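**Student:** Below is the structure, and that's it, no one-letter string:
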């Protein structure tokens with residue numbers, strides 16, 4: 001027994017890197033359609049507004065998936081690593097299905113919906129696995145994990161930039177292969193964690209019971225406000241860049257590469273916020289990050305008026321970092337304020353409701369873009385952070401890392 005202990009400790013130290021790499025590989029599926037949206041529009045005769053609809057289809061699939069996973073308490077009843085692997089396989093297959101040449105908008109929406117459905121077995125399950133291993137320092141661990149999600153989300157934009165000389169289908173093939181690799185890594189290298197407390201039965205009341213704790217409600221509502229802004233900002237980054245070049249006709253941007261940088265650097269912000277939270281506290285760090293992103297929403301119309309490309313890109317990079325820096329911290333607060341046997345279900349429920357909000361936000365913004373060419377429409381993104389700040393600002397007894 002004594003001889004095996006160092007091996008166990010050595011393996012334990014590798015758990016977080018494996019989870020992070022797996023999460024990155026699998027969440028590349030999320031924005032794979034966004035990375036090739038212009039090609040989809042041209043090849044399948046879609047309208048420009050298809051971007052918002054295809055993204056919403058992924059979100060809607062994720063919502064239905066998380067709702068079903070939560071009601072059936074899948075994450076707490078079965079081995080999370082096996083759930084992650086199976087979800088990665090199915091998500092990869094439906095993502096790859098887009099390369100077929102006979103698609104219509106309806107069939108593309110269906111495939112993106114199914115991809116989103118199985119992402120419900122990847123993103124929140126990955127957080128559940130991390131929570132099963134890291135009882136202390138969970139904020140820092142989730143910082144790395146959400147950072148992987150952010151970079152994975154941005155990665156299709158970078159792939160598109162790298163594969164300009166290759167068919168657009170190569171982006172979808174690459175992301176599907178990465179998802180299979182990520183699922184295998186989790187299955188083979190990450191057993192059930194030491195803090196996992198499996199639930200033996202389906203608990204249909206869990207969806208409502210988790211909200212009985214005031215600390216949990218505050219963290220959840222803060223997360224909901226954050227989600228109103230986050231994915232809509234990510235979806236509209238390429239549109240914001242394009243709009244700036246239309247206003248400033250002498251400016252030319254490499255939009256796929258810049259989109260990757262603006263979104264991807266948010267992954268670094270997640271890691272940094274995890275370390276900062278260890279010094280000043282999880283809730284306080286989340287509040288500051290949410291406040292900064294709220295300010296970015298409010299001043300964004302003014303930044304559009306600048307003729308300085310450097311200032312404009314610098315602002316978007318800062319916004320891209322602020323908009324997601326609070327995400328792992330809010331998830332940490334959710335996990336810490338949920339009972340151990342329902343931790344996975346609680347994370348899944350909050351994800352379900354949060355992503356429901358993203359659909360509303362994306363569709364509202366898509367409609368506003370169709371109705372108005374004014375850059376003031378991005379004011380509306382501030383509504384979520386404002387409500388989230390109110391929820392987090394209320395004084396109550398809560399568990400904080």
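**Tutor:** Thanks, I have the structure now. Only a predicted model underlies this, so the values are computations on that prediction, with no experimental measurement involved.
**Student:** Let me see the mean pLDDT of stretch 270-289.
**Tutor:** For stretch 270-289, mean pLDDT rounds to 93.
**Student:** Repeat that for stretch 36-49.
**Tutor:** 81.
**Student:** Okay, buried residues for that stretch please.
**Tutor:** Using 16 or more other CB atoms under 10 Å as the burial criterion, the residues of stretch 36-49 that qualify are 36, 37, 38, 40, 41, 44, 46. All C-beta atoms are positioned from the backbone trio N, CA, C, and that covers glycine.
**Student:** what's the first-to-last distance across that stretch?
**Tutor:** End-to-end distance for stretch 36-49, by CA to CA, to the nearest Å: 14 Å.
**Student:** so where is the stretch 1-150 of the chain shaky, pLDDT-wise?
**Tutor:** 1-12, 135-139 (pLDDT under 70).
**Student:** those helices in it, which residues are they?
**Tutor:** Remark: helices assigned in the stretch 1-150 of the chain by DSSP state H, counting those that start in this stretch are 5-27, 32-35, 37-43, 50-71, 74-77, 80-96, 105-119, 123-133, 138-162.
**Student:** Just the closest of the buried residues of stretch 36-49 to residue 322, please.
**Tutor:** Distances from residue 322 to those, taken as CB to CB, are shortest for residue 37 (25.1 Å).
**Student:** what sits against that closest one?
**Tutor:** Taking CB atoms under 8 Å, 6 or more residues apart in numbering as the contact definition, residue 37 lies against 50, 51, 54.
**Student:** Tell me how far it lies from residue 392.
**Tutor:** According to CB to CB, to the nearest Å, residue 37 stands 34 Å off from residue 392.
**Student:** Same check on residue 72?
**Tutor:** For residue 72, the distance to residue 392 - CB to CB - is 31 Å.
**Student:** which one of those two has more residues nearby?
**Tutor:** residue 392 (24 against 17; other CB atoms under 10 Å).
**Student:** is it true that that one touches residue 282?
**Tutor:** No: contact criterion CB atoms under 8 Å: residue 392 and residue 282 do not qualify, at 10.6 Å.
**Student:** what's residue 379 in contact with, if anything?
**Tutor:** 297, 298, 300, 301 are the contacts of residue 379 under CB under 8 Å, 6+ apart.
**Student:** now do residue 338
**Tutor:** By CB under 8 Å, 6+ apart, the neighbours of residue 338 are 210, 213, 216, 345, 346, 347.
**Student:** give me the number of residues near the second one?
**Tutor:** Residue 213: 19 surrounding residues under other CB under 10 Å.
**Student:** Setting aside sequence neighbours, what's the nearest residue to residue 291?
**Tutor:** Closest residue to residue 291 apart from its sequence neighbours, by CB to CB, 6 or more residues apart in numbering: residue 389 at 6.2 Å.
**Student:** and that neighbour, what helix or strand is that in?
**Tutor:** Using DSSP states H and E, residue 389 sits in helix 383-393.
**Student:** quick one: buried residues of that helix?
**Tutor:** Using 16+ other CB under 10 Å as the burial criterion, the residues of helix 383-393 that qualify are 383, 384, 385, 386, 387, 388, 389, 391, 392.
**Student:** Quick check: the fifth one touching residue 225?
**Tutor:** Yes: using CB under 8 Å, residue 387 is in contact with residue 225, at 4.5 Å.
**Student:** Can you add distance to residue 83 and give the buried residues of stretch 36-49 back as a markdown table?
**Tutor:** Converted to a markdown table, those look like this (distance: CB to CB, whole Å):
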| residue | distance to residue 83 |
| --- | --- |
| 36 | 28 |
| 37 | 30 |
| 38 | 35 |
| 40 | 30 |
| 41 | 35 |
| 44 | 33 |
| 46 | 33 |
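**Student:** Now flag whichever of these is closest to residue 170.
**Tutor:** Using CB to CB, residue 36 is the member of the buried residues of stretch 36-49 that sits closest to residue 170, with 9.3 Å.
**Student:** Could you count how many residues lie near the residue nearest to the closest one when sequence neighbours are not counted?
**Tutor:** Excluding the flanking residues, the one nearest residue 36 by CB to CB, 6+ apart is residue 168, at 4.5 Å. Close neighbours of residue 168, defined as other CB under 10 Å, add up to 20.
**Student:** what's the answer for residue 68, then?
**Tutor:** For residue 68, using other CB under 10 Å, the count is 15.
**Student:** Run through who's touching whichever strand or helix holds residue 302.
**Tutor:** In this assignment (DSSP H and E), residue 302 forms part of helix 282-303. Residues outside helix 282-303 that contact it (CB under 8 Å, 6+ apart): 139, 222, 225-226, 229, 269, 273, 276-277, 311-312, 315, 318-319, 322-323, 325-326, 329-330, 332-333, 336, 374-376, 378-379, 381-382, 385-386, 388-389, 392-393, 398, 400-401.
**Student:** What residues of it count as buried?
**Tutor:** In terms of neighbour count (16+ other CB under 10 Å), helix 282-303 has its buried residues at 282-283, 285-294, 296-297, 300, 303.
**Student:** Same check on stretch 99-119?
**Tutor:** 99, 103, 105, 108-119.
**Student:** which residues does residue 307 contact?
**Tutor:** Residue 307 makes contacts with residue 248, as judged by CB under 8 Å, 6+ apart.
**Student:** Is it part of a helix or strand, or is it coil?
**Tutor:** Three-state assignment for residue 307 (DSSP: H, G, I helix; E, B strand; the rest coil): coil.
**Student:** Ramachandran coordinates for it?
**Tutor:** Dihedral pair for residue 307: phi -90, psi 0, per degrees, to the nearest 10.
**Student:** Let's have the contacts of residue 338 in JSON lines, adding secondary structure and pLDDT.
**Tutor:** Supplementary listing: the contacts of residue 338 in JSON lines, determined by DSSP: H, G, I helix; E, B strand; the rest coil; pLDDT from 0 to 100:
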{"residue": "210", "secondary structure": "helix", "pLDDT": "66"}
{"residue": "213", "secondary structure": "coil", "pLDDT": "77"}
{"residue": "216", "secondary structure": "helix", "pLDDT": "83"}
{"residue": "345", "secondary structure": "helix", "pLDDT": "71"}
{"residue": "346", "secondary structure": "helix", "pLDDT": "77"}
{"residue": "347", "secondary structure": "helix", "pLDDT": "75"}
